[in-house]
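Chemist: this is a predicted model, with the sequence first.
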Amino acid sequence: MPGKIKITQLRSIIDRNEDQKRTIKALGLGRPNYVVIHNDTPQLRGMIRKVIHLIKVEDAQ
């Protein structure tokens, strides 16, 4: 059973390329300080890798 991870958006998506904007939206984020909790899956890890410079990732208990 996959664990849960907490994702916090730290930086704005203004002046970012379209792929990064779409990835942030797909993660359920949209503006700085938004927080979402997702199941930890390989697909999600790929999305995180694409926008890691804009977000903070933590384990959610």
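Modeler: The structure has been received and is ready for your questions. Worth saying up front: this structure is predicted, and the values here are computed from it rather than measured. Numbers count the residues shown, from 1 in each chain.
Chemist: can you list the neighbours in contact with stretch 39-46?
Modeler: Pro2, Gly3, Lys4, Ile5, Leu27, His38 (C-beta atoms under 8 Å, 6 or more residues apart in numbering). No exception for glycine: its C-beta is placed from N, CA and C like everyone else's.
Chemist: for those, which two are the farthest from each other?
Modeler: Greatest spatial distance in the contacts of stretch 39-46: Gly3 and Leu27, 16.6 Å, computed using C-beta to C-beta.
Chemist: who wins on neighbours among the contacts of stretch 39-46?
Modeler: For the contacts of stretch 39-46, the largest neighbour count, defined by other C-beta atoms under 10 Å, is 20 neighbours, found at Leu27.
Chemist: show the pLDDT at that one.
Modeler: Here the pLDDT value assigned to Leu27 is 97.
Chemist: how about Pro2?
Modeler: pLDDT, Pro2: 75.
Chemist: what's near enough to touch it?
Modeler: Applying C-beta under 8 Å, 6+ apart, the residues near Pro2 are Asn39, Asp40, Thr41.
Chemist: show me where pLDDT drops low in the protein?
Modeler: 1 (pLDDT under 70).
Chemist: quick one, strands of it?
Modeler: For the chain, applying DSSP state E gives strands covering 4-9, 35-39, 55-60.
Chemist: export the shortest one as PDB, just CAs?
Modeler: This means strand 35-39. Extracted C-alpha coordinates of strand 35-39, given in PDB (Å, rounded to 0.1, in the frame of the first residue of the first chain):
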ATOM      1  CA  VAL A  35      -1.000  22.200   0.100                       C
ATOM      2  CA  VAL A  36      -2.300  18.900  -1.200                       C
ATOM      3  CA  ILE A  37      -1.900  15.300   0.000                       C
ATOM      4  CA  HIS A  38      -1.600  12.500  -2.600                       C
ATOM      5  CA  ASN A  39      -0.800   8.800  -2.600                       C
END
